[in-house]
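Asks: okay, here's the prediction I keep looking at, along with the sequence it came from:
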Amino acid sequence: MPGKGRTRIFLQMQKLKFQRGSDDIENQFIGVLDPCHLHLVTLPVKVSLGNNHQYTHEHTNKHNLQGWECLGNTQLAALMVASLAGQATAFSMKPQQKVASSTQLNVIGNQAESFGPATAIRNLKANLPQIEWLAEGHGSPDNKVNMPGYVQEVLSQPSAPRRESENEDRTHRIRSRFQEASADAAALKGMCVGEKDEQAWWRQAMNIPAGGRAVTKEEPLRVLVAGGGLAGLVTAAACHAKGMKVAIFEQASSYAPYGGPIQIQSNALRAIQRISPKCYEELVQAGTVTADRVSGLKIGYRKGNKLAGLYDAGDWLVRFDTIGPALEAGLPATVVVDRPVIQQIMVKHGLPEGTVRIKSRIQSYEDLGDGRGIVATLEDGTKAYADVLVGADGIWSQIRKLLHGLGEGAGGFAASGAAGGAIDDAEARKLARDTVEIAAQADRRFSGFTCYAALAPHRASNIEDVSYQILLGEKKYFVSTDGGGERQQWFALIREPAGGVDPVPTPEDPTPKLTRLRKEFAAIGSGGDADENEWDPFALELINASSEEDIKRRDLYDGAPLLATTDVQRLLSPWAKGPVALCGDAAHPMMPNLGQGGCQATEDSYRLGEELATVSHTKNVPGALGQYSRIRVIRTAIIQGFAQLGSDLLVDFDLMMTIPLLGPFFLRMTQLSMPWILRFLY
């Protein structure tokens, strides 16, 4: 390969199929929208591949935009650049660096840091004389209003959902459903145990001749799914809905409610509705609508000046609604549903009884080749036979490790939605250290953030007006969302090296996690955090409503987007090879900012089922899986890259609020772009 110059890589295909949500759009090419002629024009994107090799891929064919919900120039270009070229620190494959963490472990790879300009501006500001009168005064009263007129106007539309105020009956109904689902999971209700396990279809090897076999109604396609979280359950349901035989192998010993409720946004609800109308109806009935109130970004503490604008702690920076874009696209309103409730709905209404087998980790597989399927070997030596294997086993996917030939330690035990709740603090401390080594082998990026999370049994003070908000600050931010049933799910993301752990509880400090969080988000009148910033009291309102035992901590990792490889096979079929494919976090782990991790996994599942449904002969399985991969990878890469970029920008938002002209412009562009981003997501 040339070490200098620019080599153009043409990725366009004659019949490229692209997917927006669960809709197919054919003959579309990536590019920037020309507002005058409504066609796609050249978008050169430079991708650094390390060792001084730089390549530019360029799409040159102009193509009509019929069937595409057109984004504006700025928004589409920003999304494309963020996903394909964005943060050089996060995306480029530089020579690996070792970064010492606070636990003396070596972190392999590049940690997320403030962008160079942000760091330079902070250093410059620190050395400039401070003029106190510029920071005197108060923020605008308009920024203290939760429900602005333009949001009220959207929510007042006849087709918009009507807010059901918090009440005792509703709270009891939601919490009881959660408890019932958790009890069902603990009792292994609907699982593959006993006689169902002994007589399972996947235990029987089929004598398939070279060249494969025909797929018929009597002998349908047989699909194994590794991982019983959301991605695995919906994938199995999608395949079952198309008449395939399915089996799920989940490594956890029980379905534990780790991570709190899941926000199922409008695009994911549409995919589930198409897979199983019954599952969709049950989820909507069990969920709490969050699209009936305002969402947005707030400043965590007093910031700004007379030249750039003054903001008091808790002032709104950006407010938006999620129902407007959903109504435009004819989609249902976003709901939040407890994780065990989702699991039990999918097991009961989306799958045959006995589909899910727990305590079952697929350790290896053999591709028999020539249309003859695969043989998967479980950790206990049990063999499973099928035509297709789908890796939905999370960010530390064992299937991904085998598929891409990653390092020996790449397939770690993931604190997944199915497994993580069973992990206590001692196990979590060990996992935090082990994950540093796993990430190095698995080619995953440490985001630069550790995350504390809990589901607080508390009726938030702003619950009737606000469903989702982020309090922004330097080095950290605090996210909260309505969890339903007078509960608030919150996340505190703090920038620090990977592998860190909290002290073991002692008589002097029996609650070390709470102690730290109370200092990190110290409220007005307390003297503030380590940087003397006094936070809006809402953060402590939720933190103090949580118990030490309920607060979980984990480092956040994600993956590089679309073109982080020079492997030709992976470029042509990014998540599939032969009869094996990946979906969900195994394929595209994301930062949580957009709330699209599980939603994109759901879209994956729908598309995977649709493509496999076209297979009439097992020799065509690799082609169908490759097609699924190509359809999905562009959209997920854009969203994945935008989530990465957004996460790093959030902790520099407070800096922008102090820069004259640039700060107000940056804020205004953020406000204007949110509806377009939501339209793209939905």
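Replies: It's in.

Asks: and residue 489, what helix or strand is that in?
Replies: strand 488-495 (DSSP states H and E).

Asks: OK, contacts around residue 210?
Replies: 370, 371, 372 (C-beta atoms under 8 Å, 6 or more residues apart in numbering). Any C-beta I mention is one placed from the backbone N, CA and C, and that applies to glycine too.

Asks: any idea how far residue 208 is from the second one?
Replies: Okay, so that is residue 371. According to C-beta to C-beta, to the nearest Å, residue 371 stands 7 Å off from residue 208.

Asks: give me the common contacts of the two.
Replies: residue 618.

Asks: who has more neighbours, these two?
Replies: residue 371 (19 against 16; other C-beta atoms under 10 Å).

Asks: so that one touches residue 206, yeah?
Replies: No - using C-beta atoms under 8 Å as the test, residue 371 is too far from residue 206 to be in contact (11.5 Å).

Asks: where does the prediction get shaky in the stretch 401-550 of the chain?
Replies: 412-423 (pLDDT under 70).

Asks: what bridges to residue 214?
Replies: residue 617 (DSSP bridges).

Asks: now the strands for the stretch 301-450 of the chain?
Replies: Along the stretch 301-450 of the chain, counting by DSSP state E, counting those that start in this stretch, strands occupy 303-305, 309-311, 316-320, 335-337, 356-357, 362-367, 374-378, 383-386, 388-391, 445-456.

Asks: quick one: buried residues of the fourth one?
Replies: Within strand 335-337, the residues that qualify as buried by neighbour count (16 or more other C-beta atoms under 10 Å) are 335, 336, 337.

Asks: in the stretch 251-400 of the chain, where is pLDDT below threshold?
Replies: Looking at the stretch 251-400 of the chain by pLDDT under 70, you get 256-259.

Asks: could you do the stretch 51-200 of the chain as well?
Replies: Looking at the stretch 51-200 of the chain by pLDDT under 70, you get 51-122, 124-126, 128, 130.

Asks: rerun at 90
Replies: Per-residue confidence for the stretch 51-200 of the chain (pLDDT under 90) gives these ranges: 51-139, 150-151, 159, 162-166, 182-196.

Asks: show me where the stretch 451-600 of the chain has its helices.
Replies: All helices of the stretch 451-600 of the chain, identified by DSSP state H, counting those that start in this stretch, fall at 512-520, 538-543, 568-572, 597-612.

Asks: list the contacts of the residue nearest the centre of the chain.
Replies: Centrality entry for the chain: nearest residue to the mean C-alpha point is residue 597, 2.1 Å, by C-alpha atoms, centre = their mean. Shown in contact with residue 597 (C-beta under 8 Å, 6+ apart): 584, 585, 589, 590.

Asks: swap in residue 316?
Replies: 143, 144, 145, 146, 296, 297, 298.

Asks: how near is the fifth one to residue 490?
Replies: Between residue 296 and residue 490 the distance, using C-beta to C-beta, works out to 16 Å.

Asks: those two - which one has more neighbours?
Replies: Taking neighbours as other C-beta under 10 Å, residue 296 and residue 490 compare with residue 490 leading, 27 against 20.

Asks: which ones are touching that one?
Replies: So residue 490 contacts 453, 454, 456, 478, 479, 480, 481, 539, 542, 543, 546 (C-beta under 8 Å, 6+ apart).
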